[in-house]
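Engineer: Here is my input, please return the structure:
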Amino acid sequence: MCAKLIFFGGKGGVGKSTTSAATAVYLAKLNPEKKIFLISFDIAHNVGDLFDMEIGDKITQVLPNLWAMEPDADRYTEDYVRDFVEKAKKLMYDLPLVKKMTNLEQYIEESFSAASIPLAVKNSIFFDQILETENDYDIFVVDMPPTGNMVSIFEVPKTTMQVFLKSTLETMDKVLEFVAAMRKLNPANWFRPGANERRKNQAAELLGMLKELDRRNDRIMRMLKTLSSLRFVTIAERPSYEEIRRAADLVKKYVPLEGIVINKLNHDGLDCKFCATETVHQKKYVKLIEETFKDKRIWRTWRVEDEVIGVAKLEAFARSLYEGETFETIIRPVKPSQP
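Structural biologist: So this is what the prediction gives:
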């Protein structure tokens, strides 16, 4: 049963995926009794690259108690909406005039297709994978896309049903307006025999599907509020600092921000003029981050010479990041000064 959802977000290129994968590996190593699921919400997946193995659009076992997945949003969208789309088209085609008007039929086919589904609905597919597997894993570690897309994904559960319903009804309204106009010209054979009852049943099925979508989204919103922990990954530079500062305000109504990871810091005493200058700038932004997020847990990581690829190097990265921490303090972070 899902006990915690840990999201890693931030600006592109700051090490979100590495931090996500390393955290998942470390949690799995710290507590072999817990099942950990690492899932990428970023359409440009690279979790498989970090483990140097094929993962892709299937749940793949990485360690005895760690699984990973890179969902294909387009495929899930197709599966998710196919039944709804087919029922909506059937309802429209129950109007005799529709099949006789080539342009109108083409409009319906284009409007009720996976490609036409609003982006908000497509983004919600990522959360659907968590709902489908929430009883199978204890901890979900989620690699989020860069900040702008991350914020829109957190907004999704609250708005998906409204967006989907609005899009569907707008298409239906346009078709019905056209058919109503044609009816005045040729009222004969308006409905096929028994069409009224059939259309009522079809409409009831569509409404039931929308209500189920709404119920699932309510569940996601509750999980975000009660089980989630967002951590921003950043580097000690102005653009990254400004981005997490703005993002913190945007996401606070959806998910609790509990920590900051400052990545790619220089070690002191490097014998390099450029490095020494960069270190001065880094310390300036580390101080700003600590002041801005003084009520959050802050972790630091250092530049490494080699690529962090493979389980062993991911674990080593996590040991440096979470030095002295336990399984519990990682999933439920507190500031060191707190009891």
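Engineer: Can you show me the strands along this protein?
Structural biologist: Using DSSP state E, the strands of the chain run over 4-9, 36-40, 60-63, 66-69, 139-143, 228-235, 257-265, 297-302.
Engineer: can you put those strands in JSON lines and add distance to Cys275?
Structural biologist: (Each C-beta comes from the backbone N, C-alpha and C, glycine too.) Below are these laid out as JSON lines (distance: least, Cβ to Cβ, whole Å):
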{"stretch": "strand 4-9", "distance to Cys275": "27"}
{"stretch": "strand 36-40", "distance to Cys275": "33"}
{"stretch": "strand 60-63", "distance to Cys275": "35"}
{"stretch": "strand 66-69", "distance to Cys275": "35"}
{"stretch": "strand 139-143", "distance to Cys275": "29"}
{"stretch": "strand 228-235", "distance to Cys275": "15"}
{"stretch": "strand 257-265", "distance to Cys275": "11"}
{"stretch": "strand 297-302", "distance to Cys275": "12"}
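Engineer: where are the low-confidence patches of this protein?
Structural biologist: For the chain, applying pLDDT under 70 flags the ranges 76-81, 84, 88-89, 91-125, 156-200, 202-203, 336-339.
Engineer: about what we covered before: with mean neighbour count and distance to Asn201 added, can I get the strands of the chain in JSON lines?
Structural biologist: Listed next are the strands of the chain as JSON lines, based on neighbours: other Cβ atoms under 10 Å; distance: least, Cβ to Cβ, whole Å:
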{"stretch": "strand 4-9", "mean neighbour count": "25", "distance to Asn201": "38"}
{"stretch": "strand 36-40", "mean neighbour count": "26", "distance to Asn201": "38"}
{"stretch": "strand 60-63", "mean neighbour count": "16", "distance to Asn201": "42"}
{"stretch": "strand 66-69", "mean neighbour count": "24", "distance to Asn201": "37"}
{"stretch": "strand 139-143", "mean neighbour count": "26", "distance to Asn201": "38"}
{"stretch": "strand 228-235", "mean neighbour count": "24", "distance to Asn201": "39"}
{"stretch": "strand 257-265", "mean neighbour count": "21", "distance to Asn201": "47"}
{"stretch": "strand 297-302", "mean neighbour count": "18", "distance to Asn201": "54"}
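Engineer: Would you map out the domains in this protein?
Structural biologist: Domain assignment for the chain, taken from automatic domain parsing, gives 4-72+226-331, 74-126+155-221.
Engineer: Which one of the strands of the chain lies nearest to Gln282?
Structural biologist: strand 257-265 (5.8 Å; Cβ to Cβ).
Engineer: roughly how far is that closest one from the heart of the chain?
Structural biologist: Distance, stretch centre to chain centre, for strand 257-265: 20 Å (Cα atoms, centre = their mean, to the nearest Å).
Engineer: Okay, Gly12 and Gly259: tell me how far apart.
Structural biologist: Counting by Cβ to Cβ, to the nearest Å, the gap from Gly12 to Gly259 is 19 Å.
Engineer: Please give the number of neighbouring residues around Ile331.
Structural biologist: Residues near Ile331, counting by other Cβ atoms under 10 Å, number 22.
Engineer: how about the spatially most central residue of the chain, what does it touch?
Structural biologist: The chain has Phe41 as the residue nearest its centroid, 4.2 Å off, counting by Cα atoms, centre = their mean. Residues in contact with Phe41 (Cβ atoms under 8 Å, 6 or more residues apart in numbering) are Phe126, Val142, Asp143, Met144, Pro145, Met150, Ile153.
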